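Chemist: build me a structure from this.
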Amino acid sequence: RLKHASGSSSSSSSRETWPNKASRTADGAISPARLTQLVSSCESLTELHNLIKQHLNQMQQISICAAYKALVRLSAQTARNQRSSSSFGDSSNSDGSSNEDGVALMVMQQLCGKMQSQMRVSRPWDLAQAAWACSKVHYRDGSFLNAIADQAQRRAPILLPRDISQLASAFARMEYKHPQLAQLLLQQAVVKAQDFEPWSLVHTAWALHMLGVDCKGLLLAVVQHLPGKCDRLQPLDVATLLWLMADQGFYNQALLDQIAKAATATISKYAPEQLSQTLISFAGLGFCNADMVAAAAQLVEGQMQHYSPKQVAHSTFAMVKLDHASLALLDAAATAFLQKPESFSPQMLCMLCWAHLLSQQQQQECNRVQEAFVLQLIQQVSLQLPKFAADQLASIVRGLYRISGRFASSSQIQSAVQHATADVHAHLPPKLQGMATPVLAQLVRTLANRLQYTAGATRRYTSKPATTSSSSSSEQAQGDLLQQQAQQQPDMLVLLQQCGREWLSATRQNNMTVQQASAVATALNAAGLFELAAAADEVHRCVKQRVLGAHTSLAGSEEQQQHVLNSLDVLNSNSGFAAEVDAHASSSSSGSNSRSVANRG
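Modeler: Residues are numbered from 1 along each chain as shown. Below is the predicted model:
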């Protein structure tokens, strides 16, 4: 009669309420296999919630994992529906969406509570699935995640590569750092590296790096096991690996050669985000493959109009650093920038500025696109100055000085630079304490050189014979500009003093190169700040003695000592990312990140 009463109804509620006889155990409870099947076939969060609420006490690890998968699937489906509704301007679903979010949270709390009570009998894969679900639905419960970490550590010998990768990726996505678990996963990944799929090993290394672990040991394992398998990596895998190598300062010529060869063959498959990230990472590593760069240039120049602001800045700067600075590239970047200049952040403005300045396209007269680009760039710098970080301010002021020299024939650009540099100078003093020591040293040298240049140009102009009213308007404009620059010199000298004092203060906490200390002392002396120059010279002497003391076995004659110092300075100066750009070229920024590449699912 029950079977007949249900008739032709095929709804999920009928299946849940009247499971067939074979689905029940001897005591009348629903069987684990049937419960898992019902959980997996749920079509809404509400249906899943009701089912779990009814059968929570009977749920075992297999049905709990099935419920996690169903929850992630249904949550993603709900999110897509909400986006579709909002795109059509339908605001009536706002209450419904909040209700769905509340149901998803209740389901997650029920599942995690039940699993935590059974966690001692959980398999490693169960733990990995639970962590994965937490990361997908943004359920960041500290006690539950700590319980997963503790149980995973107890099961370390039987963790499989998929378990290691899933756990590391989930904790990295949630930015939940558990140092003991991260170290354990690193050790297990290194030991079992040969059993990983190439892409999985790459993303495991990325995840562990995001959790604050020094993963150079795992990168060494990548170098050992990846050669010959690079063609099996997808564009996202390549972009992730290169970003990680650049961020860690990990350089391996043989591996990079293979990656570049594989990337050249599949460059057309790279999405803009993946291509820009790949290029900026190659540039950060100082590695250039001519074939790969030529293939990438065709894509970048042809598709730049479809790139996001970040992709425009990264790809343009990277291509210039990789010795490809064609006029087509610069014009494409300028055109893309002019379409939405307000969308470019301070970091992106710095990168575009230096990409154009470092290019080899030294034109006698800038074309209209380039002039419009420079003027709009300067305007955006002035508008966004409060958003600039300390190192970015130091970088852009150097860029503005270079623009002034590069476009000397354009009175409009010269006037814009003059006003922008005055604004930057006013914003610099409060930011000096936040600057890195090498950036401060570079800023000291830049300001000192600018003071000398302005003083020399003013002397040359005033030493000319007096001109009549027939003097050209360009000469008059040049005279007015030099007069304005001369009026700013006292303020610049005060700023240089502040930079010099801050550099001397920073030297107490930071190590530096002999070359840096010598350059600062020379710059301060040339600017007439003799007391600060003497103090910087004393720092130079102390650093020189310290370095030589650490390499006494190499230091013999004075000539040999100088050779040691020069060699060490070269190593130190090459360890950073792009000597011409202080702080804006690194994604970590990113790092800070706002991660530049997402982990593979």
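Chemist: residues near the nearest residue to residue 234 once chain neighbours are set aside, how many?
Modeler: Using CB to CB, 6 or more residues apart in numbering and skipping the chain neighbours, the partner closest in space to residue 234 is residue 199 (6.5 Å). Where C-beta positions appear, they are placed from N, C-alpha and C, glycine not excepted. Using other CB atoms under 10 Å, residue 199 has 19 other residues around it.
Chemist: cool, residue 40 as well?
Modeler: As a burial measure, residue 40 scores 14 neighbours (other CB under 10 Å).
Chemist: pLDDT score assigned to it?
Modeler: We note a pLDDT of 93 for residue 40 in this prediction.
Chemist: next: residue 348.
Modeler: If you check residue 348, the pLDDT there is 96.
Chemist: quick check, it in contact with residue 313.
Modeler: Yes. With contact defined as CB atoms under 8 Å, residue 348 counts as touching residue 313 (3.8 Å).
Chemist: who has more neighbours out of those two?
Modeler: Using other CB under 10 Å, the more surrounded residue of residue 348 and residue 313 is residue 313, with 28 against 22.
Chemist: please report how far residue 337 lies from residue 308.
Modeler: When distance is defined by CB to CB, to the nearest Å, residue 337 is 12 Å away from residue 308.
Chemist: ok, the two, which is more surrounded?
Modeler: Using other CB under 10 Å as the criterion, residue 337 and residue 308 rank with residue 337 on top: 25 against 15.
Chemist: report the contact partners of that one.
Modeler: Contacts for residue 337 (CB atoms under 8 Å, 6 or more residues apart in numbering) come out as 309, 312, 344, 352, 373, 376-377.
Chemist: so what touches stretch 57-67?
Modeler: Contacts of stretch 57-67 (CB under 8 Å, 6+ apart): 29-30, 32, 35-36, 39-40, 48, 52, 107, 111, 114-115, 118, 121-123, 125-126, 129-130.
Chemist: now it: average pLDDT?
Modeler: Stretch 57-67 shows a mean pLDDT of 91.
Chemist: just the C-alpha atoms of that stretch, please, in CSV.
Modeler: In CSV, the C-alpha atoms belonging to stretch 57-67 read as follows (Å, rounded to 0.1, in the frame of the first residue of the first chain):
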residue,chain,number,x,y,z
ASN,A,57,23.2,10.7,14.3
GLN,A,58,23.5,7.9,11.7
MET,A,59,26.0,9.7,9.5
GLN,A,60,29.5,8.1,9.2
GLN,A,61,32.6,9.5,7.5
ILE,A,62,31.6,8.5,4.0
SER,A,63,28.2,10.2,4.2
ILE,A,64,29.8,13.2,5.9
CYS,A,65,32.3,13.6,3.0
ALA,A,66,29.4,13.2,0.5
ALA,A,67,27.5,15.9,2.3
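Chemist: return the distance of it from the chain's centre.
Modeler: For stretch 57-67, the distance from its own C-alpha centre to the chain's C-alpha centre is 39 Å (CA atoms, centre = their mean, to the nearest Å).
Chemist: how about it: buried residues?
Modeler: Using 16 or more other CB atoms under 10 Å as the test for burial, stretch 57-67 gives 59, 61, 63-67.
Chemist: next: stretch 378-392.
Modeler: Across stretch 378-392, burial judged by 16+ other CB under 10 Å covers 378, 380-381, 384-385, 388-392.
Chemist: still on that earlier bit, buried among the contacts of stretch 57-67? Need that as a selection in ChimeraX.
Modeler: Here is the ChimeraX command that picks out the buried ones among these, judged by 16+ other CB under 10 Å:
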select :30,32,35,36,39,48,52,107,111,114,115,122,126,129,130
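Chemist: list the contacts of the nearest residue in space to residue 512 that is not next to it in sequence.
Modeler: Leaving aside its sequence neighbours, residue 512 sits nearest to residue 437 (CB to CB, 6+ apart; 5.7 Å). For residue 437, the contacting residues are 503, 506-507, 510, 512, 516, by CB under 8 Å, 6+ apart.
Chemist: can you check those and name whichever has the most neighbours?
Modeler: Neighbour counts for the contacts of residue 437 peak at residue 503, which has 28 neighbours (criterion: other CB under 10 Å).
Chemist: show me the contact partners of stretch 103-112.
Modeler: Stretch 103-112 is contacted by residues 45-46, 48-49, 52-53, 56, 64, 67-68, 71, 74-75, 78, 130, 133-134, 137, 139, 141, 144 when judged by CB under 8 Å, 6+ apart.
Chemist: could you rerun that using 7 Å?
Modeler: With CB atoms under 7 Å, 6 or more residues apart in numbering as the test, stretch 103-112 has contacts from 45-46, 48-49, 52, 56, 64, 67-68, 71, 75, 137, 139, 141, 144.
Chemist: just flag the most distant two among those.
Modeler: Greatest spacing in the contacts of stretch 103-112, by CB to CB: 46 and 144 (23.4 Å).
Chemist: buried ones from the contacts of stretch 103-112, can you make that a PyMOL selection?
Modeler: Burial among the contacts of stretch 103-112 is assessed by 16+ other CB under 10 Å; the matching PyMOL selection reads:
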select buried, resi 45+48+49+52+64+67+68+71+75+137+139+141+144
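Chemist: show me the contacts of stretch 103-112 that map onto strands.
Modeler: With strands defined by DSSP state E, no entry of the contacts of stretch 103-112 lies inside them.
Chemist: from the contacts of stretch 103-112, pick the one nearest residue 82.
Modeler: Of all those, residue 75 has the smallest distance to residue 82: 10.6 Å, by CB to CB.
Chemist: is it correct that the closest one is in contact with residue 137?
Modeler: Yes. Here residue 75 reaches residue 137: they are 5.3 Å apart, a contact under CB atoms under 7 Å.
Chemist: returning to that earlier point: and the buried residues of stretch 57-67 as JSON lines, adding distance to residue 405?
Modeler: Formatted as JSON lines, the entries for the buried residues of stretch 57-67 read as follows, by distance: CB to CB, whole Å:
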{"residue": "59", "distance to residue 405": "72"}
{"residue": "61", "distance to residue 405": "69"}
{"residue": "63", "distance to residue 405": "71"}
{"residue": "64", "distance to residue 405": "67"}
{"residue": "65", "distance to residue 405": "65"}
{"residue": "66", "distance to residue 405": "67"}
{"residue": "67", "distance to residue 405": "66"}
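Chemist: in helices, which of those appear?
Modeler: Among the buried residues of stretch 57-67, the residues falling in helices (DSSP state H) are 61, 63-67.
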